[in-house]
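Enquirer: Here is my input; please provide its structure:
(one chain, ligands or ions: 1)
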Amino acid sequence: MSKSADPLAIARDLIRCPSVTPTEGGALGYLEARLEGAGFAVHRVTFRAPGAADVENLFARVGAGRPHLVFAGHTDVVPPGDEAAWTHPPFAAEVADGMLFGRGAADMKGAIACQLAAALDYVAACGGKPNGAISFLVTGDEEGVAVNGTIKLLAWAAARGEKFDHCILGEPTNPNALGDMIKIGRRGSQNGTLIVAGTPGHVAYPALADNPVRGIIALMGALMAEPLDAGSAHFDPSNLEFTSVDVGNTTVNVIPGEARARFNIRYNDRHTREALRALVERRAAAAAGRVRWRIDWEPSNADVFLTQPGRFVDLVAGAVAELTGRKPELSTTGGTSDARFIKDYCPVIEFGLANQTMHKIDERVPTADLVALTAIYRRILERYFENPPQ
Ligand SMILES: [Zn+2]
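Expert: Numbering: from 1, shown residues only. Next up, the predicted model:
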């Protein structure tokens with residue numbers, strides 16, 4: 001591989017840009033220069049929303065037409081926490097004992113460096129003219145509220161006529177070692193609050209009051225009693241977890257007038273959001289008797305999705321297996337990611353570095369993994385344009 005496409009050097013340059021959300025920190029400017037140098041048309045786009053910080057994003061494409069493969073990711077990072085607790089400073093990108101240390105090394109400047117190194121090498125190898133198009137869709141708003149990032153950048157690109165065939169998101173997906181896991185979907189997430197109304201009164205005169213604690217315990221018990229489903233071909237069972245229960249009572253002698261319990265549901269592809277809400281409400285109603293209750297559902301943009309196994313997933317899994325010797329598990333575990341937005345435009349899978357140290361003090365990746373991941377992305381590019389998966 002040429003010196004100009006050294007993923008370790010790129011990762012170190014990116015880590016030295018202190019791009020804690022929503023700060024650009026020089027990271028997108030760096031990518032812009034590298035991509036433009038390789039013949040990509042680069043756009044820097046800033047999105048705004050009331051109550052949220054302005055966020056810079058980047059879209060770049062080389063080539064034209066189909067197939068169109070997109071590398072997606074984010075250059076923003078979570079704050080370093082107690083900098084004195086780091087063995088090597090969080091934005092110094094020092095290498096020690098074969099490891100690259102720094103905030104974003106795993107999540108996910110390391111993977112962006114590998115995507116870039118692989119793309120620069122591949123584009124150079126095909127004389128700047130891939131047999132289709134290669135894009136970079138990079139946001140600075142993934143670790144924050146995520147309202148001025150990927151969701152808007154996708155809409156912006158679509159409005160310009162960009163059509164994507166497949167996307168690889170470089171989030172850190174491997175629980176232990178490179179090659180462990182590809183994510184082919186994510187569960188949906190839904191927050192709600194169960195509210196039970198009572199009649200407040202003196203604890204010594206319970207007949208004159210109606211304690212909502214009794215009712216909320218019964219309803220919570222009913223909602224926790226049975227799993228929401230038994231899982232599906234590619235997903236774990238859906239799960240409802242209560243996260244807070246409270247009556248806000250500051251006294252010891254007053255029966256409260258209302259009780260609230262907050263909960264979150266991680267749900268699989270056996271449910272749509274609407275059907276899931278209806279199922280929970282049916283179960284609550286069946287247990288309610290005379291309890292006066294309601295559920296307030298929070299709006300959410302985290303819907304369940306699955307990229308069906310097939311030629312694209314096989315192509316990626318095959319490249320991973322060839323270069324790591326591991327057969328990656330096809331998983332839908334973990335929290336939400338920007339793939340939840342990308343799936344509305346094209347099939348998306350996630351494969352990146354190992355995730356043990358993401359968001360932690362001493363975040364780090366083996367430098368050998370940067371070389372290996374670059375080789376994986378490079379092979380994917382070659383196979384993809386040799387024999388497009390659709
Ligand atoms: Zn991330």
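
Enquirer: Residue 174 and residue 355 touch, don't they?
Expert: Yes - counting by Cβ atoms under 8 Å, residue 174 touches residue 355, with 6.2 Å between them. Any C-beta I mention is one placed from the backbone N, CA and C, and that applies to glycine too.

Enquirer: show me what contacts the residue nearest the centre of the chain?
Expert: Geometric centre of the chain, nearest residue: residue 337, 1.5 Å, by Cα atoms, centre = their mean. Contact partners of residue 337, counting by Cβ atoms under 8 Å, 6 or more residues apart in numbering, are 142, 169, 171, 183, 186, 350.

Enquirer: Distance of it relative to residue 126?
Expert: Counting by Cβ to Cβ, to the nearest Å, the gap between residue 337 and residue 126 amounts to 30 Å.

Enquirer: do residue 367 as well
Expert: Taking Cβ to Cβ, one finds residue 367 at 27 Å from residue 126.

Enquirer: What of residue 156?
Expert: Remark: distance between residue 156 and residue 126 (Cβ to Cβ) = 27 Å.

Enquirer: what do you get for residue 368?
Expert: 27 Å.

Enquirer: And residue 247, by the same measure?
Expert: 66 Å.

Enquirer: Low-confidence bits of the stretch 51-200 of the chain, can you list those?
Expert: The stretch 51-200 of the chain contains no residues with pLDDT under 70.

Enquirer: what's the strand or helix carrying residue 330 packed up against?
Expert: Using DSSP states H and E, residue 330 sits in strand 329-331. Counting contacts by 3 or more Cβ pairs under 8 Å, 6 or more residues apart in numbering; DSSP states H and E, strand 329-331 packs against strand 181-183.

Enquirer: residues in contact with the strand it packs on?
Expert: For strand 181-183, the external contacting residues (Cβ under 8 Å, 6+ apart) are 171, 173-175, 313, 316-317, 320, 328-334, 337, 339, 349-351.

Enquirer: Let's see which of those residues end up in strands.
Expert: 329, 330, 331, 349, 350 (DSSP state E).

Enquirer: top of those by neighbour count?
Expert: residue 350 (29 neighbours; other Cβ atoms under 10 Å).

Enquirer: Name the next helix or strand following the longest strand anywhere in the chain along the chain.
Expert: Longest strand in the chain by number of residues, with DSSP E as the criterion: strand 52-63. Downstream of strand 52-63, the first helix or strand assigned by DSSP H and E is strand 68-74.

Enquirer: now could you export just the CA positions of that following strand as CSV?
Expert: The C-alpha coordinates for strand 68-74 follow below in CSV (Å, rounded to 0.1, in the frame of the first residue of the first chain):
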residue,chain,number,x,y,z
HIS,A,68,-23.1,3.2,-5.7
LEU,A,69,-21.4,2.1,-2.4
VAL,A,70,-21.4,4.5,0.6
PHE,A,71,-19.0,4.5,3.5
ALA,A,72,-20.8,6.1,6.4
GLY,A,73,-19.5,7.3,9.8
HIS,A,74,-19.0,10.1,12.3
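
Enquirer: how about it, does it reach the ion?
Expert: No - Strand 68-74 lies out of reach of the ion by Cβ under 5 Å from the ion, never closer than 5.7 Å.

Enquirer: Can you tell me the strand partners of the helix or strand following that strand and which way each runs?
Expert: Next helix or strand after strand 68-74 toward the C-terminus (DSSP H and E): strand 95-96. According to DSSP bridges, strand 95-96 has the following sheet partners: strand 99-101 (antiparallel).

Enquirer: what does the partner strand contact?
Expert: Strand 99-101 has contacts (Cβ under 8 Å, 6+ apart) with 8, 11-12, 15, 86-88, 90, 92-95, 110, 362-367, 370.

Enquirer: ditto for stretch 240-247
Expert: Here stretch 240-247 makes contact (Cβ under 8 Å, 6+ apart) with 212-213, 216, 220, 223-224, 228, 256, 258-266, 280.

Enquirer: How about stretch 287-305?
Expert: By Cβ under 8 Å, 6+ apart, stretch 287-305 touches 151, 185-198, 215-216, 218-219, 221-223, 235, 267-269, 271, 273, 277, 280-281, 284, 336, 339-341, 343.

Enquirer: Averaged pLDDT, that stretch. What do you get?
Expert: For stretch 287-305, mean pLDDT is 95.
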